[in-house]
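Enquirer: Predicted model and sequence below, questions to follow.
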Amino acid sequence: MTWLVPLPVVIPLAGAGLAVALGRRSQLQRIVSVVSLTSILAASLGLLFTVNDSPLVVQVADWPAPIGISLVADRLSALMLVISSAVTFCVLLFALAQDLALGDPDSPVAIFHPTYLVLTAGVSISFLAGDLFNLYVGFEVLLGASYVLITLGGTRARIRAGTIYVVMAIASSIVFLLAVALIYSATGTVNMAQLAGRLQEIDPGIKLTLQVLLLAAFAVKAAIFPLSAWLPDSYPTAPAPVTAVFAGLLTKVGIYGMLRTQTLLFGEGPADTVLMWAALATMIIGILGAVAQTDLKRLLSFTLVSHIGLMVFGIALSSEAGLAGAIFYVLHHITVQTSLFLVAGLIERREGTTSLNRLGGLARSAPLLAALFLVPAFNLSGIPPLSGFLGKLGLLQAGVEAATPLAYVLVGGSILTSLLTLYVFAKAWNKAFWQPPIDPTQGTRLPAGMLGTAAALVVLGLALTFAAGPLFDYATEAARDMYARTPYIEAILGSTP
Amino acid sequence: MSVLGPDLFLVIAAGVLIAGGAFLVLERSLTRVAVGLILIGNGVNILFLITGGPRGGAPIVDVTPEEAMADPLPQAMILTAIVITLALTAFLVAMAHRSWQLHRHDEVQDDLEDRRIARLAAIETAQERGDIGIVTLDEEAAGVRDETADIVEEHWLAEEDVR
């Protein structure tokens, strides 16, 4: 079944080329996007069920492992691919419904579809990359596409926000490249399987330096405090579907990078303590930022930053349980955060604003919208029995198992963060949905397609709750694989032709 | 050269490029930031070149004996990195141009939150002293090219509504 592995990369890239060629025929362009994303979803699901025996490896162009480019799918990659393709698919449908409803011939749709497909390809490359340099290329592909998407239309606000985003992202990419160069210099390879062995043999001081450099690069991408200030400033101005997919996926690609390199390349070490503190700061400062906001989209951006801290906590614990918790939390967070941003987009479309001071009475005038907001909001805050609660429970258990004083501090921090998240959403709910409307005029009618796709994503979030048992088992097995390391390494290096 | 290990001149060049680039990235103008990022990018690429080990012949079979070959892998990676940097720089410059079209300048703005805090602080001190009519340096600084103005205003309006 190795032929499945390159599909999530090849299909969207081919689709992107086709979509550019069909730039003037928007109907065909839409079909190309939908077909590409559907087939990636199918391929990822296929991978999910076939990687159970051992990781699947494709040596691109048959160049043997340490030299050539390896694409590797193990449990973690497959899980990430499935959730990312499901979410990108839903957001694409949302975007389609939106522009069908707008019917604006001047909107730069022609560029949206190809760029969106390139973004998907970049995400897939990152998840499948078997060497560090290829991971760097994957990041660049998805970031390049994201620069175009965040400045779509080139309006004043988007150029301002885009400037910050692009400069930050390029700077972090340079740090990443620097780390790759130094790692090559220290070990003579960038292949992750080979690095896993060789990094253990070099001087621990140098190893720590390399680790910190890589972590810094990923931390900017994942928006970990103190490298998170760019996120709430740049995400909210982009079009709703773009913000939603960025919020859901892009930061998680950074988290994926950390998951992979921390376990496979570096293992336990002094950097874990630093990560713990960073996780705590990210949670608390992020959520306090959200408390201060009066704009729904900015508020959501701050909750996004805050909950990244929980995943970093899981990674920093350096235990199988912590890792499994982090993986499950990533799955939960991608779907829930994306659906919240889509709902914020719907509110903006209906009322013309996302300012909590201007919104009001939505619970009465738009009950369906209210439900769509409330469910993921509860889910993110971790109300039992939703998946947010289960994910947090997993992380807290792992924290208590670790039983170090710092881990207990982090457990306390996580609980505080959850409570504050609930407070933030209660505040938003009171203002936007329950307070008497400030401006009693009827809002714009929402197209059924947009509501439907947002609802589908909310339901997907709920489905994670029902499937939590098997998913958590799968995540635990993925974590076990990552700690065992040998299956991954053998799959790459052993299959040299 | 091999006695010195990696080429000392290249190490110095990479250092100078990265330091100069870091200085430029801290500037306000997006064009300078772009130039800074180009410099840092090139510095890192040179660093990458050094990682390939000592100099050697072109890594082509039958042209250079195997033991005299340079390591071709960093070269391939640098080439990729150069292409990526080129594309991103082009995008950055296009964005600087667009910013100039819109604002007649290409300055990177302060963080929204920073300006909001600066503005609120300035208003507060002015109110405390009761000299709201006199424009102080703080107030002026807080107000320069400030698109938070409408947000702050909106905030006040809403507060009034509540009252």
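Expert: Yep, it's here. Numbers count the residues shown, from 1 in each chain, chains lettered A, B, ... in the order given.

Enquirer: CA only for contacts and neighbour counts going forward, please
Expert: Fine.

Enquirer: What ranges in the stretch 101-250 of chain A fall below the confidence cut-off?
Expert: The stretch 101-250 of chain A contains residues with pLDDT under 70 at A:101-109.

Enquirer: ok, which residues in it are in contact with chain B?
Expert: Residues of the stretch 101-250 of chain A lying close to chain B (Cα under 8 Å from any Cα of the partner chain) are A:133, A:140, A:144, A:154, A:156, A:159-160, A:163-164, A:166-167, A:170-171, A:174, A:177-178, A:181-182, A:184-185, A:233.

Enquirer: Now which of these would you call buried?
Expert: Buried residues within those, counting neighbours by 16 or more other Cα atoms under 10 Å in any protein chain shown: A:133, A:140, A:144, A:154, A:159-160, A:163-164, A:166-167, A:170-171, A:174, A:177-178, A:181-182, A:184-185, A:233.

Enquirer: Which element, helix or strand, includes the residue of chain A found nearest chain B?
Expert: Relative to chain B, the nearest point of chain A is residue A:185 (4.4 Å; Cα to the nearest Cα). Using DSSP states H and E, the element containing residue A:185 is helix A:156-187.

Enquirer: Show me what that helix is packed up against.
Expert: Contacts defined by 3 or more Cα pairs under 8 Å, 6 or more residues apart in numbering or on different chains; DSSP states H and E place helix A:156-187 against helix A:132-150, helix A:204-222, helix A:230-234, helix B:30-51, helix B:72-103.

Enquirer: Any chance of those helices in JSON lines with distance to residue A:291 as columns?
Expert: Output for the helices and strands packed on helix A:156-187, formatted as JSON lines (distance: least, Cα to Cα, whole Å):
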{"stretch": "helix A:132-150", "distance to residue A:291": "25"}
{"stretch": "helix A:204-222", "distance to residue A:291": "21"}
{"stretch": "helix A:230-234", "distance to residue A:291": "13"}
{"stretch": "helix B:30-51", "distance to residue A:291": "32"}
{"stretch": "helix B:72-103", "distance to residue A:291": "32"}
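
Enquirer: Looking at residue A:451 now. What's its pLDDT?
Expert: Looking at residue A:451, its pLDDT reads 84.

Enquirer: Can you give me the buried ones in the helix or strand harbouring it?
Expert: Residue A:451 is part of helix A:448-466, with elements assigned from DSSP H and E. Neighbour counts over helix A:448-466 (16+ other Cα under 10 Å) mark A:449-451, A:453-462, A:464-465 as buried.

Enquirer: Residue A:71 belongs to a strand?
Expert: Yes. The assignment for residue A:71 by DSSP: H, G, I helix; E, B strand; the rest coil puts it in a strand.

Enquirer: thinking it is in contact with residue A:132, fair?
Expert: No. Counting by Cα atoms under 8 Å, residue A:71 does not reach residue A:132; the two are 11.3 Å apart.

Enquirer: Buried ones in stretch A:57-75, by neighbour count?
Expert: Within stretch A:57-75, the residues that count as buried by 16+ other Cα under 10 Å are A:57-59, A:64-66, A:68-75.

Enquirer: so residue A:454 sits right up against residue A:342, yeah?
Expert: Yes. Counting by Cα under 8 Å, residue A:454 touches residue A:342, with 6.2 Å between them.

Enquirer: Quick check: next helix or strand after the helix holding residue A:451?
Expert: The helix or strand immediately downstream of helix A:448-466 is helix A:468-484, counting by DSSP H and E.

Enquirer: What parts of chain B come near chain A?
Expert: Remark: the part of chain B in contact with chain A comprises B:30, B:33, B:37, B:40-41, B:44, B:47-48, B:50-53, B:73, B:77, B:84, B:88, B:92, B:95, B:98-99, B:102, B:108-109, B:111-113, B:155, B:158, using Cα under 8 Å from any Cα.

Enquirer: Tell me the buried residues within those.
Expert: By neighbour count, with 16+ other Cα under 10 Å, the residues of chain B next to chain A hold B:30, B:33, B:37, B:40-41, B:44, B:47-48, B:50-53, B:73, B:77, B:84, B:88, B:92, B:95, B:98-99, B:108-109, B:112, B:155 as buried.

Enquirer: Next, the contact list for the most centrally placed residue in chain B, please.
Expert: In chain B, the residue lying closest to the centroid (Cα atoms, centre = their mean) is residue B:25, at 4.0 Å. Applying Cα atoms under 8 Å, 6 or more residues apart in numbering or on different chains to residue B:25 gives the contacts B:32, B:33, B:34, B:35, B:36, B:37.

Enquirer: Could I get these in TSV, plus columns for pLDDT?
Expert: Listed next are the contacts of residue B:25 as TSV, based on pLDDT from 0 to 100:
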residue	pLDDT
B:32	90
B:33	90
B:34	90
B:35	92
B:36	93
B:37	92
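
Enquirer: Farthest pair within those residues?
Expert: By the measure Cα to Cα, B:32 and B:37 form the most distant pair in the contacts of residue B:25, at 8.5 Å.

Enquirer: what touches both of these two?
Expert: Common neighbours of residue B:32 and residue B:37 (Cα under 8 Å, 6+ apart) are B:24, B:25.

Enquirer: roughly how far apart are the closest residue in space to residue A:10 that isn't next to it in sequence and residue B:61?
Expert: Leaving aside its chain neighbours, residue A:10 sits nearest to residue A:121 (7.4 Å; criterion: Cα to Cα, 6 or more residues apart in numbering or on different chains). Counting by Cα to Cα, to the nearest Å, the gap from residue A:121 to residue B:61 is 35 Å.

Enquirer: Comparing these two, which residue is more hemmed in?
Expert: Counting neighbours by other Cα atoms under 10 Å in any protein chain shown for residue A:121 and for residue B:61 shows that residue A:121 has the greater number, 27 against 9.

Enquirer: what comes up buried for the helix or strand the more buried one falls within?
Expert: Assigned by DSSP H and E, residue A:121 belongs to helix A:109-128. Residues of helix A:109-128 classed as buried by neighbour count (16+ other Cα under 10 Å): A:109-128.

Enquirer: Can you get me the centre-to-centre distance for that helix and its chain?
Expert: Distance of helix A:109-128 from its chain centroid, counting by Cα atoms, centre = their mean, to the nearest Å, is 14 Å.

Enquirer: Quick one: work out the angle between it and helix A:132-150.
Expert: Between helix A:109-128 and helix A:132-150, the angle comes out at 160 degrees (axes from the mean of the first three to the mean of the last three Cα atoms, to 10 degrees).

Enquirer: and the residue of chain B nearest chain A?
Expert: Nearest residue of chain B to chain A: residue B:51, at 4.4 Å (Cα to the nearest Cα).

Enquirer: distance of that residue from residue A:186?
Expert: In this view, residue B:51 and residue A:186 are 8 Å apart by Cα to Cα.

Enquirer: same for whichever strand or helix holds residue A:92, what does it pack against?
Expert: Using DSSP H and E, residue A:92 falls within helix A:75-102. Helices and strands touching helix A:75-102, as assessed by 3+ Cα pairs under 8 Å, 6+ apart, comprise helix A:26-50, helix A:109-128, helix A:240-245, helix A:320-351, helix A:448-466, helix A:468-484.

Enquirer: and residue A:413, which of these is closest to it?
Expert: Proximity to residue A:413, assessed across the helices and strands packed on helix A:75-102 by Cα to Cα, is greatest for helix A:320-351 (15.5 Å).

Enquirer: continuing past the closest one, what's the next helix or strand?
Expert: helix A:362-365.

Enquirer: Same question for that following helix: list its buried residues.
Expert: A:362, A:363.

Enquirer: so how far is it off the chain centroid?
Expert: In terms of Cα atoms, centre = their mean, the centre of helix A:362-365 is found 31 Å from the chain centre.
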